[in-house]
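1. this one's structure only:
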Ligand SMILES: Nc1ncnc2c1ncn2[C@@H]1O[C@H](COP(=O)(O)OP(=O)(O)OP(=O)(O)O)[C@@H](O)[C@H]1O
């Protein structure tokens, strides 16, 4: 089966520094892949190369077998790639519903329908289903800025999932979220993965969260993959322990 995401020999240098050094891996449909590593190991740079926010120095990235080099993030959206950001991207003055509809419009690239068509581009029904799925139903018409930080993270995830992307890249979804909301977030992400067969790649510093969410983990250190496997294998790998202790 063609991998949903295929990263082939990707390197990225900043001047003399190789932030990502010849990294290759595949992600198959329905996987939740964790990307971990000490600070400065190249996770964000790799993410940005995959998402078209940075051009890779060498190597290729394929989504569903199609090369995506040079594609802009909005073009990737149309191919079914969604993302969340470390820094929240919700519009605080807009309602929860309007934030989600706007995200759906961006994914579908329905600028024309935004200008000339129905105000919601036919997305309200899907947006309401997404709001219910992420258990934000009682806040549908509240301003996003009035939600707790953890709820805004849920909203951010719901926005990334609008328009049913096949691949969602999550950048530190657990960052700054309290324990109760963290359990909710993990449970909802797992449900989305299981019920809709969605594929995730997750950068995360919270080890407990990543180990209990992901089906497979890749560990980066100094821009290179130093370990790969199921959470238990990676957790007990002496190379990984040393990379973290040494970092
Ligand atoms: N725009 C840039 N210009 C120069 N160097 C950069 C740039 N972006 C990242 N780097 C360097 O590349 C290396 C990898 O950084 P990156 O942010 O990808 O690591 P990371 O694993 O995501 O770190 P963290 O966990 O702290 O977010 C670091 O040494 C960093 O200083």
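-> Yes, it's here. All of these numbers come straight from a predicted model, not from anything done at the bench.
2. Okay, buried residues for the lengthiest helix in the chain please.
-> Criterion DSSP state H: the longest helix present in the chain is helix 179-196. Buried residues in helix 179-196, counted by 16 or more other C-beta atoms under 10 Å: 181-182, 184-186, 188-189, 192-193. From N, CA and C alone the C-beta is placed, and that goes for glycine too.
3. go on, stretch 227-245?
-> Within stretch 227-245, the residues that count as buried by 16+ other C-beta under 10 Å are 227, 231, 234, 237, 240, 243.
4. Same check on stretch 48-65?
-> Within stretch 48-65, the residues that count as buried by 16+ other C-beta under 10 Å are 48-52, 54, 56, 59, 61-64.
5. Quick check: residues of this structure near the ligand?
-> Taking C-beta under 6 Å from any ligand atom as the test, the list of the chain residues beside the ligand reads 14, 17, 19, 37, 39-45.
6. Apply 5 Å and report the result again.
-> With the criterion set to C-beta under 5 Å from any ligand atom, the chain comes near the ligand through 14, 19, 39-45.
7. Please report how far residue 136 lies from the ligand.
-> Residue 136 is 28 Å from the ligand, where distance means C-beta to the nearest ligand atom, to the nearest Å.
8. At which residues are the strands of this protein located?
-> Counting by DSSP state E, the chain has strands at residues 5-14, 17-27, 32-36, 58-63, 66-67, 81-83, 167-171, 199-203, 216-221, 224-229.
9. Go through the ones you listed and find the least confident stretch.
-> Here the lowest mean pLDDT among the strands of the chain goes to strand 81-83, at a mean of 84.
10. how far is that one from where the chain is centred?
-> The chain centroid and the centroid of strand 81-83 are separated by 6 Å under C-alpha atoms, centre = their mean, to the nearest Å.
11. With stretch 44-53 instead?
-> For stretch 44-53, the gap between its own C-alpha mean and the chain's C-alpha mean amounts to 11 Å (C-alpha atoms, centre = their mean).
12. tell me the average confidence for it?
-> For stretch 44-53, the mean per-residue pLDDT is 90.
13. List of residues touching that stretch?
-> Contact with stretch 44-53 is made by 5, 7, 10, 12, 19-20, 23, 35, 54-56, 59, 61, 68, 70-73, 75-76, 81, 83, 86, 169, 171, 201, 203, 220, 223, as judged by C-beta atoms under 8 Å, 6 or more residues apart in numbering.
14. list the contacts for residue 102?
-> The contact partners of residue 102, by C-beta under 8 Å, 6+ apart, come to 91, 94, 159.
15. pLDDT score for residue 121?
-> 60.
16. so what's residue 11 bridging to?
-> Beta-bridge pairing for residue 11 (DSSP bridges): residue 58.
17. I figured it was touching residue 23, is that so?
-> Yes. Look at residue 11 against residue 23 with C-beta atoms under 8 Å: they come within range, at 7.4 Å.
18. Overlap in contacts, the two.
-> By C-beta under 8 Å, 6+ apart, residue 11 and residue 23 have these common neighbours: 59, 223.
19. Who has more neighbours out of these two?
-> Ranked by neighbour count (other C-beta atoms under 10 Å), residue 11 and residue 23 place residue 23 first, with 24 against 20.
20. Could you provide the strands of the chain in JSON lines, with additional columns for distance to residue 136?
-> Converted to JSON lines, these look like this (distance: least, C-beta to C-beta, whole Å):
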{"stretch": "strand 5-14", "distance to residue 136": "28"}
{"stretch": "strand 17-27", "distance to residue 136": "28"}
{"stretch": "strand 32-36", "distance to residue 136": "22"}
{"stretch": "strand 58-63", "distance to residue 136": "29"}
{"stretch": "strand 66-67", "distance to residue 136": "33"}
{"stretch": "strand 81-83", "distance to residue 136": "17"}
{"stretch": "strand 167-171", "distance to residue 136": "17"}
{"stretch": "strand 199-203", "distance to residue 136": "20"}
{"stretch": "strand 216-221", "distance to residue 136": "29"}
{"stretch": "strand 224-229", "distance to residue 136": "35"}
